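Undergrad: need coordinates for the following:
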Amino acid sequence: MNLIREEWKKSDAEEFEKYLLSFSKGEEAINFEKKISNTSLPCIAVPTPKIKEIAREISKGNFLSFIDLWLFNNLAEASIIGILISKIKDFEKSKKYLIKYANKIDNWANCDVLKIKINDKNEENYFCLIKDFLNSPKPFVRRVGIIILFEYINREKYKNEIFNILNSLEFEKEYYVNMAAAWLLCEMFVKNREITLKYFKNNTTNAFLINKAISKCRDSFRVTNEDKELLRNFRKK
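TA: Got it, this is the predicted structure:
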């Protein structure tokens, strides 16, 4: 199937879905994908490398017209849309598509395909969008906000802001939000050890988040054995 197009039309949707299904790994893989993604979307078990390859080919053409079809018939289609949204360079366009996408998805996998590119020109705009997402009543919108926040880990002026956001999750109850935040805190420790250690010593966020972050650090080969033992002291009851 030709994936590099000047324009995608509604009439292309059926052909594309059949094309995707041709890469399905079968019923057993479908059942596994359904279980781990915990989504209401149908699963067709297209391997992640193939999904990325297809999205990469689509992005060589008018990929915005593909996104505009909003093919959400299965998990794979939704993932392709998320990958393509990550390739939008203009902030205002990106914001429009991100808001719609974040409000449509219902699982961690479609959140985590997002790899938004942050630069000096758009960093403040995206950071404001992150805070808007974190105020959403929808847990996967909040998770999207945290996933984008990963791009700020190495941005010096936002490091304390990241900790403020983590503290704002004091009463967060949603598993998938807390798990993303714990992953974020683990990455902060790996890349910004000293200031993150201070945060572990003195934070006001919820116990589940802190304890999961410590577990992730202790499971990481990027954290020394000494630090793994040290972090045990900061578990919360």
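Undergrad: can you give me the helices in this structure?
TA: 13-21, 27-37, 48-58, 63-67, 75-85, 91-104, 108-112, 123-134, 139-149, 159-167, 175-191, 193-201, 207-219, 225-231 (DSSP state H).
Undergrad: the inter-axis angle of the longest one versus helix 139-149?
TA: Here helix 175-191 runs at 10 degrees with respect to helix 139-149, directions being taken by axes from the mean of the first three to the mean of the last three CA atoms, to 10 degrees.
Undergrad: need the contact partners of helix 175-191.
TA: Identification of contacts with helix 175-191 by CB atoms under 8 Å, 6 or more residues apart in numbering yields 108, 111, 139-140, 142-143, 146-147, 149-150, 153-154, 159, 162, 166, 169, 172, 195-197, 199-200, 205-206, 208-210, 212-213, 215-217, 220, 222-223, 227, 231. Any C-beta I mention is one placed from the backbone N, CA and C, and that applies to glycine too.
Undergrad: mind redoing it with 6 Å?
TA: 108, 139, 142-143, 146, 153, 169, 172, 196, 208-209, 212-213, 216-217, 222 (CB atoms under 6 Å, 6 or more residues apart in numbering).
Undergrad: need the helices of the chain in JSON lines (columns: mean neighbour count).
TA: Below are the helices of the chain laid out as JSON lines (neighbours: other CB atoms under 10 Å):
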{"stretch": "helix 13-21", "mean neighbour count": "15"}
{"stretch": "helix 27-37", "mean neighbour count": "14"}
{"stretch": "helix 48-58", "mean neighbour count": "16"}
{"stretch": "helix 63-67", "mean neighbour count": "20"}
{"stretch": "helix 75-85", "mean neighbour count": "24"}
{"stretch": "helix 91-104", "mean neighbour count": "17"}
{"stretch": "helix 108-112", "mean neighbour count": "21"}
{"stretch": "helix 123-134", "mean neighbour count": "18"}
{"stretch": "helix 139-149", "mean neighbour count": "25"}
{"stretch": "helix 159-167", "mean neighbour count": "18"}
{"stretch": "helix 175-191", "mean neighbour count": "21"}
{"stretch": "helix 193-201", "mean neighbour count": "15"}
{"stretch": "helix 207-219", "mean neighbour count": "19"}
{"stretch": "helix 225-231", "mean neighbour count": "13"}
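Undergrad: related to what we said a few turns ago, among the contacts of helix 175-191, which pair sits farthest apart?
TA: Pro139 and Arg222 (28.2 Å; CB to CB).
Undergrad: before we move on, back to that, distance to Ile4 and mean pLDDT added to the helices of the chain, as JSON lines?
TA: Shown next, in JSON lines, are the helices of the chain (distance: least, CB to CB, whole Å; pLDDT from 0 to 100):
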{"stretch": "helix 13-21", "distance to Ile4": "13", "mean pLDDT": "97"}
{"stretch": "helix 27-37", "distance to Ile4": "27", "mean pLDDT": "97"}
{"stretch": "helix 48-58", "distance to Ile4": "6", "mean pLDDT": "98"}
{"stretch": "helix 63-67", "distance to Ile4": "9", "mean pLDDT": "98"}
{"stretch": "helix 75-85", "distance to Ile4": "13", "mean pLDDT": "98"}
{"stretch": "helix 91-104", "distance to Ile4": "20", "mean pLDDT": "98"}
{"stretch": "helix 108-112", "distance to Ile4": "24", "mean pLDDT": "98"}
{"stretch": "helix 123-134", "distance to Ile4": "28", "mean pLDDT": "98"}
{"stretch": "helix 139-149", "distance to Ile4": "28", "mean pLDDT": "98"}
{"stretch": "helix 159-167", "distance to Ile4": "38", "mean pLDDT": "97"}
{"stretch": "helix 175-191", "distance to Ile4": "33", "mean pLDDT": "98"}
{"stretch": "helix 193-201", "distance to Ile4": "43", "mean pLDDT": "97"}
{"stretch": "helix 207-219", "distance to Ile4": "39", "mean pLDDT": "98"}
{"stretch": "helix 225-231", "distance to Ile4": "48", "mean pLDDT": "97"}
